[in-house]
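Peer 1: give me a 3D structure for the following:
(one chain, ligands or ions: 1)
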Amino acid sequence: MAAEPGNALPPMLPRTSGQVTPNDKPPSPPQDTDKTLDLQPDTLAPGQQLTTNQGVTVSDDQNSLKSHVRGPTLLEDILMREKITHFDHERIPERVVHARGTAAHGVFQVYESQAHLTMAAPLQDPTVKTPVFVRFSTVAGSRGSTDTPRDVRGFAVKFYTPDGVWDLVGNNMPVFFIQDANKFPDLIHAVKPEPHNEIPQAQSAHDTFWDFVSLTPESAHMLMWVMSDRALPRSFATMEGFGVHTFRLVNADGVSRFVKFHWKPLKGVCSLVWEEAQLISGKDPDFNRRDLWESIERGDFPEYELGLQVVEETDEHKFGFDLLDATKIIPEEVVPVVPVGKLTLNRNPDNFFAETEQVAFHTGHIIPGIDFTNDPLLQGRLFSYIDTQLRRVGPNFHELPINRSLRPADNNQRDGFARMTINKGRVSYFPNSLGGGCPMHSPAAAAAFRSVAVKEQPGPKVRERSPSFSDHFSQATQFWNSMSDWEKDHIAAAFAFELNQVVDEVVRDRTMNEILVNIHKELAAMVSEATGIAVSPAGSPEAPTPSAPTPAGPLRKDADKLRSPALSMDKPPPTIKGRKVAVLLGDGVDTGEVEALLEALSAAELVPETIGPRAGAVAASGGPMKVNRAAPNAPSVVYDAVLVPTGVGPALAAQTLAQRFLHEAWRHGKPIAVASDAETLLEASGVPASSDGVTVAEAAELAEQLTTDLGRHRFPRRVSVLRPS
Ligand code: HDE
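Peer 2: Predicted structure coming up:
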């Protein structure tokens, strides 16, 4: 007998991942790491029948239960109440910093065993792929802010190893603003929107930030990084990552060495320019996250080499700065960065909230083979991260699928909100005999965590900064000295932009005369010209920052000789794979020519996008030709290069939108290649046809020339950012 509608038994809820229903997105390429398999039982694909959270089949989810058809809603409407109550509780507190982020799954594979240096599981066996989850973030903006502010980027890596979870919670800059964790709340209060009016969002260009940093000379080196184009990465795949602090590697013999961790992107380090980044913020605030998502979906996986700078314990004091000071780098020319393995991001998360939002990093999540140093910034982080996860995600955050260790956790910790494990038995203490002494300690196990037996110096307890931390300017000077002319131009322009936003004269003056002049006179002069802040002759090299509560020590006389060429971004990227090319189309284009161009661009591993005057198609010679985007929705700032084929230039020359597109691409230093009949378009757009990286040629040559020019990434000398035109 056929079952009555509504009485049929619901099908089993599918609890297998990878089940694709017709309206699902195409799946990311399957990557069955141990972690992917571990996540599968928790990954739900949509079922066929709607149920309540208690598994009761729902007959109508569109109308609430009322006393009569036009009557009041009844309190007994359990369906509506459950749905709305859950909705009311959907948000968790956003991260107090690094609130805006995006993430991807991947794998890490070591090139050769590093067992001589460390027991760390991912660094042992070149045949093993360790699953990872990596979250990239900005720092100051809130969760809904933009991807491209001038800001530091977080680069947090969670390794799921057989010995437990290891989090390497780094940034895309190798130093930090402050030396002691105790100052972190002050720094963040200063950079976040001002508390009286919650303005400005995701920006350091305001009085409170510059008030704080101008009184905090230890931030000078970090300011150089943040004012450079490193603060504007073109994509997460083209930025470096750094562990920042000096950590320790410990091998099986218990020998410990200092280490700095680096992530080197295999696509090279490439950035946006500031005006472009600002425009992107309005046109596509998801610019970096979209790029990461799309590149993984098309199989263009971001890759980074893990590099180690290793220092023997006996060499600790040979550098002229303190390895415990997180405002210092070890120049790569002094201690080379040795590549030891590769990180590949190859799978997008299935669910943003469950994975990217709930992932909980902690600098204290380390495994045997890694250990800490006394860096006072790191020491404070060891407290802060666990504290913040307890507040943000709850005491059982480690049980959530994305945070869960592959090695099942087993101890006597119990209960708390939303406990998921069902611990059997009556024993939850140690020592015990009723539970057979389990879970037991494993003093002899090779993979048991032991802290390195570091010899601490005896001395009185103090609340002081070590004098070895007092050189606040030499490495800021070194950064300036290592830049090319255009990079200096961009840095000075960034300082000028920020200080032109600062209203308070005392703050402006202090930044100039206690910070910038001590970094470099050339920088101070450039910023002075662009801001009108006078450089005063008064400063003293012996007491360079009199206003600061922890002032800088005397200026190093040889600072101007310091250089580290590795710091400059003025290098061609090793590959241009994945760069986006705008191909401007219009009615009348030649079908064969456009098809050939698109094929040539794709063959060069570029991502061409055709743009027409409207969504849909243009009338090409061979009939309607579909376009990817409509011109009003496709700003030039989201592309790396522009190509104009034959037949569209003359019509576009009369259109403001097209002129602006070309002009912006030119201002932002992008390669431009146009067919010979588009010279009038260049002229109308104010683009000198003779500029470096601008090509006017026959159609057959356009794609090749554009590809060659993209090899330079940008032509940054085209426009002086200090003297905007
Ligand atoms: Fe963080 N930081 N931080 N930080 N940090 C957080 O933890 C903190 C610092 C970094 O994608 C918070 O889960 C203190 C340096 C990243 O989820 C919080 C100090 C570096 C992320 C916190 C620092 C970082 C965070 C906020 C000074 C580079 C995002 C939410 C001692 C090496 C991780 C959270 C993610 C997040 C505290 C300084 C990197 C509050 C106290 C230096 C990449 O715990």
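Peer 1: which residues of the stretch 501-650 of the chain fall in strands?
Peer 2: All strands of the stretch 501-650 of the chain, identified by DSSP state E, counting those that start in this stretch, fall at 580-584, 607-612, 617-620, 623-626, 629-630, 641-644.
Peer 1: for residue 563, find the nearest of the ones you listed.
Peer 2: Among the strands of the stretch 501-650 of the chain, the nearest to residue 563 by C-beta to C-beta is strand 641-644 (32.4 Å). (Glycine included, C-beta is placed from N, CA and C.)
Peer 1: quick one: secondary structure of the closest residue to residue 181 other than its chain neighbours?
Peer 2: Once flanking residues are discounted, residue 181 sits nearest to residue 380: 1.9 Å by C-beta to C-beta, 6 or more residues apart in numbering. Secondary structure for residue 380, judged by DSSP: H, G, I helix; E, B strand; the rest coil, is helix.
Peer 1: residues near residue 380, how many?
Peer 2: Residues within reach of residue 380, counting by other C-beta atoms under 10 Å, total 17.
Peer 1: same check, this time on residue 534
Peer 2: Residue 534 is flanked by 11 other residues according to other C-beta under 10 Å.
Peer 1: same thing with residue 643?
Peer 2: By other C-beta under 10 Å, the residues close to residue 643 number 29.
Peer 1: hang on, isn't it packed against residue 580?
Peer 2: No - under the criterion of C-beta atoms under 8 Å, residue 643 makes no contact with residue 580, lying 11.3 Å away.
Peer 1: how far out from the middle of the chain is stretch 276-292?
Peer 2: Stretch 276-292 has its C-alpha centroid displaced from the chain centroid by 13 Å (C-alpha atoms, centre = their mean, to the nearest Å).
Peer 1: and the average pLDDT for it is what?
Peer 2: Per-residue pLDDT over stretch 276-292 has a mean of 98.
Peer 1: do stretch 579-590 as well
Peer 2: The average of the pLDDT scores along stretch 579-590 is 97.
Peer 1: and that stretch, which residues are buried?
Peer 2: By 16 or more other C-beta atoms under 10 Å, the buried positions in stretch 579-590 come out as 579, 581, 582, 583, 584, 585, 586, 589, 590.
Peer 1: possible to save those as CSV with distance to the ligand?
Peer 2: As requested, the buried residues of stretch 579-590 are exported to CSV (distance: C-beta to the nearest ligand atom, whole Å):
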residue, distance to the ligand
579, 27
581, 32
582, 32
583, 36
584, 38
585, 40
586, 44
589, 45
590, 49
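Peer 1: show me what contacts residue 238?
Peer 2: Neighbour list for residue 238: 265, 267, 268, 269, 270, 271, 573 [criterion: C-beta atoms under 8 Å, 6 or more residues apart in numbering].
Peer 1: now, those residues that are in strands?
Peer 2: Within those, residues falling in strands by DSSP state E are residue 265.
Peer 1: now stretch 632-640: buried residues?
Peer 2: 634, 635, 636, 637, 638, 639, 640.
Peer 1: again but with stretch 274-286, I slipped
Peer 2: Applying 16+ other C-beta under 10 Å to stretch 274-286 flags 274, 275, 276, 277, 278, 279, 280, 281, 283, 284, 285 as buried.
Peer 1: got it, and stretch 317-329?
Peer 2: 321, 322, 323, 324, 325, 326, 327, 328, 329.
Peer 1: kindly report the same for stretch 643-663.
Peer 2: For stretch 643-663, by 16+ other C-beta under 10 Å, it's 643-649, 652-653, 658-659, 661-663.
Peer 1: show me these that map onto helices.
Peer 2: Those of the buried residues of stretch 643-663 mapping onto helices are 649, 652, 658, 659, 661, 662, 663, per DSSP state H.
Peer 1: from these, pick the one nearest the ligand.
Peer 2: residue 661 (35.0 Å; C-beta to the nearest ligand atom).
Peer 1: residue contacts, the nearest residue to that closest one once chain neighbours are set aside?
Peer 2: In space, and not counting its chain neighbours, residue 661 is closest to residue 636: 4.3 Å by C-beta to C-beta, 6+ apart. Counting by C-beta under 8 Å, 6+ apart, residue 636 touches 582, 642, 660, 661, 662, 664, 665, 668, 670.
Peer 1: quick one: pLDDT of the fifth one?
Peer 2: According to the model's per-residue confidence, residue 662 sits at a pLDDT of 98.
Peer 1: residue ranges with poor pLDDT in this structure?
Peer 2: When residues are selected by pLDDT under 70, those of the chain lie in 1-31, 723-725.
Peer 1: which parts of it sit against the ligand?
Peer 2: Counting by C-beta under 6 Å from any ligand atom, the residues of the chain lying close to the ligand are 95-98, 101, 135, 137, 154, 156, 169-171, 176, 181, 184, 244, 326, 361, 377, 380-381, 384-385, 388.
Peer 1: in JSON lines: the buried residues of stretch 274-286, plus secondary structure.
Peer 2: JSON lines is the format used below for those (three-state DSSP):
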{"residue": "274", "secondary structure": "helix"}
{"residue": "275", "secondary structure": "helix"}
{"residue": "276", "secondary structure": "helix"}
{"residue": "277", "secondary structure": "helix"}
{"residue": "278", "secondary structure": "helix"}
{"residue": "279", "secondary structure": "helix"}
{"residue": "280", "secondary structure": "helix"}
{"residue": "281", "secondary structure": "helix"}
{"residue": "283", "secondary structure": "helix"}
{"residue": "284", "secondary structure": "coil"}
{"residue": "285", "secondary structure": "coil"}
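Peer 1: what is the nearest of the residues you listed to the ligand?
Peer 2: residue 285 (18.3 Å).
Peer 1: so who does the residue nearest in space to the middle of the chain touch?
Peer 2: Nearest to the geometric centre of the chain sits residue 136, at 3.2 Å (C-alpha atoms, centre = their mean). For residue 136, the contacting residues are 101, 102, 103, 153, 154, 155, 156, 236, 288, 292, by C-beta under 8 Å, 6+ apart.
Peer 1: can you tell me which of those residues is closest to residue 512?
Peer 2: If you rank those by distance to residue 512 using C-beta to C-beta, residue 153 comes first, at 27.7 Å.
Peer 1: wait, the closest one touches residue 237, no?
Peer 2: No - with contact defined as C-beta under 8 Å, residue 153 does not reach residue 237; the gap is 11.9 Å.
Peer 1: tell me how many other residues surround the nearest residue to residue 322 once chain neighbours are set aside.
Peer 2: Leaving aside its sequence neighbours, residue 322 sits nearest to residue 468 (C-beta to C-beta, 6+ apart; 4.0 Å). Neighbour count of residue 468, defined by other C-beta under 10 Å: 14.
Peer 1: SS state for residue 468?
Peer 2: Under three-state DSSP, residue 468 comes out as helix.
Peer 1: give me the distance between it and residue 474.
Peer 2: Note on residue 468: its distance to residue 474, by C-beta to C-beta, to the nearest Å, is 13 Å.
Peer 1: next: residue 44.
Peer 2: To residue 474, residue 44 is 55 Å away according to C-beta to C-beta.
Peer 1: who has more neighbours out of those two?
Peer 2: Shown here are residue 44 and residue 474; by other C-beta under 10 Å, residue 474 has more neighbours (23 against 15).
Peer 1: show me what contacts that one?
Peer 2: Applying C-beta under 8 Å, 6+ apart to residue 474 gives the contacts 321, 555, 556, 559, 562.
Peer 1: how about the stretch 201-350 of the chain: which residue is closest to the ligand?
Peer 2: Closest residue of the stretch 201-350 of the chain to the ligand, C-beta to the nearest ligand atom: residue 244 (3.5 Å).
Peer 1: got a list of what that residue touches?
Peer 2: By C-beta under 8 Å, 6+ apart, residue 244 lies in contact with 170, 171, 173, 174, 175, 176, 326, 377.
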